[in-house]
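Visitor: Give me the fold of what follows.
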Amino acid sequence: MSFRTFKVLKATTQLVGMIGGVYAMKQGVDPWWALAMMAFIWGGPEGIEILLESGGANSTE
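Guide: Numbering: from 1, shown residues only. Predicted coordinates:
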């Protein structure tokens, strides 16, 4: 997977997460749960990016 493809997927995932959180709030979900869901969805790709940039779990550095 190219870097550009990863960035597009990351941005799309984060956008969908934010839209999903706002939609959940409009449906009556407690705002704290909706914000927690948005933070989890937003942080997922960020965590993957950090893992990839650091060389992964099997890094020998």
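
Visitor: Secondary structure element holding residue 24?
Guide: For residue 24, the host element (DSSP states H and E) is helix 3-26.

Visitor: got the contact list for that helix?
Guide: Helix 3-26 is contacted from outside by 31, 33-35, 37-38, 40-42, 44-46, 48-49, 52, using C-beta atoms under 8 Å, 6 or more residues apart in numbering. Bear in mind the C-beta positions are built from the backbone N, C-alpha and C, glycine included.

Visitor: can you give me how far it is from the chain middle?
Guide: 7 Å (C-alpha atoms, centre = their mean, to the nearest Å).

Visitor: Average pLDDT for it, rounded please.
Guide: Computed over helix 3-26, the mean pLDDT rounds to 88.

Visitor: List the buried residues for that helix?
Guide: 10, 14, 17, 21, 24-25 (16 or more other C-beta atoms under 10 Å).

Visitor: CA atoms only: put that helix into PDB for me.
Guide: The C-alpha coordinates for helix 3-26 follow below in PDB (Å, rounded to 0.1, in the frame of the first residue of the first chain):
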ATOM      1  CA  PHE A   3       1.700   6.200   1.500                       C
ATOM      2  CA  ARG A   4      -0.800   8.300  -0.500                       C
ATOM      3  CA  THR A   5      -3.400   5.400  -0.400                       C
ATOM      4  CA  PHE A   6      -2.900   5.100   3.400                       C
ATOM      5  CA  LYS A   7      -3.400   8.800   3.900                       C
ATOM      6  CA  VAL A   8      -6.600   8.800   1.800                       C
ATOM      7  CA  LEU A   9      -8.000   5.800   3.700                       C
ATOM      8  CA  LYS A  10      -7.000   7.400   7.000                       C
ATOM      9  CA  ALA A  11      -8.800  10.700   6.100                       C
ATOM     10  CA  THR A  12     -11.900   8.800   4.900                       C
ATOM     11  CA  THR A  13     -12.000   6.700   8.100                       C
ATOM     12  CA  GLN A  14     -11.700   9.800  10.300                       C
ATOM     13  CA  LEU A  15     -14.400  11.700   8.300                       C
ATOM     14  CA  VAL A  16     -16.800   8.800   8.600                       C
ATOM     15  CA  GLY A  17     -16.100   8.600  12.300                       C
ATOM     16  CA  MET A  18     -16.900  12.200  12.800                       C
ATOM     17  CA  ILE A  19     -20.100  12.000  10.800                       C
ATOM     18  CA  GLY A  20     -21.100   8.800  12.700                       C
ATOM     19  CA  GLY A  21     -20.500  10.600  16.000                       C
ATOM     20  CA  VAL A  22     -22.600  13.600  15.000                       C
ATOM     21  CA  TYR A  23     -25.300  11.200  13.700                       C
ATOM     22  CA  ALA A  24     -25.300   9.200  16.900                       C
ATOM     23  CA  MET A  25     -25.800  12.400  18.900                       C
ATOM     24  CA  LYS A  26     -28.700  13.400  16.700                       C
END
